[in-house]
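Enquirer: following is a predicted model, sequence given first.
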Amino acid sequence: MNNKKDTKKNCPSANWRIKAGFTLIELMIVVTVIGILSAIAIPKFINMTRKSTEAATKGNLATLRSAISIYYSENEGTYPANTESAKAMEPTALYTANITYLQNTLIPKYVNRWPVCHVPPHHNKTDTVDEYSTFAQLDVTCDGEWAYIGNGDDTKFGHIFVECWHKDINDSYISGW
Ligand SMILES: [Zn+2]
């Protein structure tokens, strides 16, 4: 062990210095490992972003539903009804009005500010609410916006949901949230 040759042979740092760098194989292994890690991590990150955005939209939907419930309990068992306004606004203004009847009714007493609806990657972020008189009035439009049924005669009266027939990250229909 005391002889110089043995020390060199047994000490890895001495070997390291002699090699002075990585071999091509070592570099290729490192590059491959980084490639594999990023192939796993990047899609996972994208999924996480989508998952958290969906969760935020679900939370916003819950906020709107509880606001509508509080309105219901404070107004002798009726939901915000848009029948008159819907009639006045139909057909095209229904989709273009900046402030809808529902927003007018709920802000600021029941919600401070109108929450955002975002279901990536299908649709862009929006705070628009499409007000429908009846559930049957709904068409196949998939626009990722809030939709509200405001006719007191409809079985879905008071129902708010996301107008999107795409599926979420868990393979459930977004309209069914
Ligand atoms: Zn959609």
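Expert: That came through, no problem.
Enquirer: CA atoms for contacts and neighbours, from now on please.
Expert: Fine.
Enquirer: give me the number of residues near the closest residue to the ion within the chain?
Expert: Here the residue of the chain nearest the ion is C164; by CA to the ion that distance is 3.7 Å. C164 has 22 neighbouring residues, counting by other CA atoms under 10 Å.
Enquirer: that one reaches E145, doesn't it?
Expert: Yes. Counting by CA atoms under 8 Å, C164 touches E145, with 7.4 Å between them.
Enquirer: tell me where this structure has strands.
Expert: 129-132, 145-149, 160-163 (DSSP state E).
Enquirer: adding mean neighbour count, write these out as CSV.
Expert: CSV is the format used below for those (neighbours: other CA atoms under 10 Å):
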stretch, mean neighbour count
strand 129-132, 24
strand 145-149, 24
strand 160-163, 23
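Enquirer: how about those, which one is nearest P80?
Expert: Closest to P80 of these is strand 145-149 (CA to CA; 9.2 Å).
Enquirer: that closest one pairs with which strands, and in what direction?
Expert: Here strand 145-149 is paired, per DSSP bridges, with strand 129-132 (parallel), strand 160-163 (antiparallel).
Enquirer: how about residues contacting stretch 101-121?
Expert: With contact meaning CA atoms under 8 Å, 6 or more residues apart in numbering, stretch 101-121 is reached by 50, 53-54, 57, 60, 63-64, 67-68, 70-71, 80-82, 85, 124-127, 131, 144-146, 162, 168.
Enquirer: hmm, 6 Å instead?
Expert: Stretch 101-121 has contacts (CA atoms under 6 Å, 6 or more residues apart in numbering) with E54, T57, N60, A67, K125, T126, D127.
Enquirer: equivalent analysis for stretch 156-175, please.
Expert: Y79, C142, G144, E145, W146, A147, Y148, I149, G150, N151.
Enquirer: how far is it from where the chain is centred?
Expert: Centroid separation between stretch 156-175 and its chain, computed with CA atoms, centre = their mean, to the nearest Å, is 12 Å.
Enquirer: now swap in stretch 143-162 and tell me
Expert: 20 Å.
Enquirer: quick one: mean pLDDT for it?
Expert: Regarding stretch 143-162, the rounded mean pLDDT is 88.
Enquirer: show the pLDDT at T83.
Expert: Per-residue confidence (pLDDT) for T83: 60.
Enquirer: so where is this structure shaky, pLDDT-wise?
Expert: 1-19, 83-99, 137-140 (pLDDT under 70).
Enquirer: residues from it in reach of the ion?
Expert: Counting by CA under 5 Å from the ion, the positions of the chain adjacent to the ion are C142, C164, W165, H166.
Enquirer: how many other residues sit next to the first one?
Expert: Per other CA under 10 Å, the neighbour tally for C142 reads 14.
Enquirer: not counting its neighbours along the chain, what's nearest it?
Expert: Spatial nearest neighbour of C142, chain neighbours left out: C164 (4.7 Å); criterion: CA to CA, 6 or more residues apart in numbering.
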